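Asker: One predicted model, sequence on top.
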Amino acid sequence: GHLDAMRLLLQSRASVDLADRANETPLMVAARENMLEPSAILLSCGASLHATDRDGRTAIHHCIPGHTTNLTHLFWFSAASKGDVPALRRLLGQQIGSVGDEGWKELGRALYQPQGQDQLKLNKHRTLCNATDALGCTALSRAVQADQLAAVSYLLSQAADPGISDSARETPLHHAARLG
């Protein structure tokens, strides 16, 4: 019921980024409550990952404390598909700076190899950069499909693996070749 009401409100031109008394947008509230589907709906209607509350926090900051991996991935893929390099940087910085080692187990235990802090940070970068969505697409693949060159360049500079294929066994290069 709530999701249908949300869709109706948004179809009736409800402001997707209107802030409440705490200067929080609906996306910030959904992120704080770990609500994946409402967050996805809001992002699809243009909700900003850059809006800040009165403490200067974005929706990205609201999802990090609870180690909400699915929301982090949703924000990551949304930012990549829009070519939103500042949001990608913020997400990557928040992940490295705020999430403890336990929170990273969900993202890819296989890449966690304790070989010193520099190697640990590099492995965490690779884990997030190469996370996949429900269709097996990485953020790099989504950025290529959306023709977002700045995001492609940034993701590659952050150790995104261009050789990861999606559920259709296509790599980002396949998508680029197909889309011209």
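Answerer: On my side now, so go ahead.

Asker: Now do the contacts for the most centrally placed residue in the chain.
Answerer: Centroid check for the chain by Cα atoms, centre = their mean gives Trp76 as the closest residue, at 1.5 Å. Counting by Cβ atoms under 8 Å, 6 or more residues apart in numbering, Trp76 touches Leu88, Leu91, Leu128, Ala131, Ala139. Using the backbone N, CA and C atoms, a C-beta is placed for each residue, glycine as well.

Asker: Shouldn't it be within a helix?
Answerer: Yes. Assessed with DSSP: H, G, I helix; E, B strand; the rest coil, Trp76 lies in a helix.

Asker: Distance check, it against Asp133.
Answerer: 9 Å (Cβ to Cβ, to the nearest Å).

Asker: How about His2?
Answerer: Going from His2 to Asp133 by Cβ to Cβ gives 24 Å.

Asker: which one of the two has more residues nearby?
Answerer: The neighbour comparison of His2 against Asp133 (other Cβ atoms under 10 Å) goes to Asp133, with 19 against 9.

Asker: For the spatially closest residue to Thr171 that is not a sequence neighbour, give its distance to Asn130.
Answerer: Excluding the flanking residues, the one nearest Thr171 by Cβ to Cβ, 6 or more residues apart in numbering is Ser165, at 5.0 Å. Separation of Ser165 from Asn130 (Cβ to Cβ): 12 Å.

Asker: And the pLDDT for Arg57?
Answerer: Arg57 carries a pLDDT value of 90.

Asker: cool, His50 as well?
Answerer: Per-residue pLDDT puts His50 at 93.

Asker: Pretty sure it sits against Ala87.
Answerer: Yes. Applying Cβ atoms under 8 Å as the test, His50 and Ala87 come out as touching, 6.8 Å apart.

Asker: the more surrounded of the two?
Answerer: Here His50 and Ala87 are compared on neighbour count by other Cβ under 10 Å; more neighbours surround Ala87, at 22 against 13.

Asker: The helix or strand that contains that one - what's its average pLDDT?
Answerer: Assigning secondary structure by DSSP states H and E places Ala87 in helix 85-98. Helix 85-98 shows a mean pLDDT of 68.

Asker: first to last residue in stretch 27-41, what's the distance?
Answerer: 9 Å (Cα to Cα, to the nearest Å).

Asker: Touching that stretch from outside, list them.
Answerer: Applying Cβ under 8 Å, 6+ apart, the contact partners of stretch 27-41 are 2-3, 6-7, 10, 16-17, 20, 24, 26, 42-43, 47-49, 51, 53, 57-60, 62-63, 66, 68, 70-71, 74-75.

Asker: hang on, the earlier thing: how far away is the residue nearest to the centre of the chain from Lys82?
Answerer: Counting by Cβ to Cβ, the gap from Trp76 to Lys82 is 11 Å.
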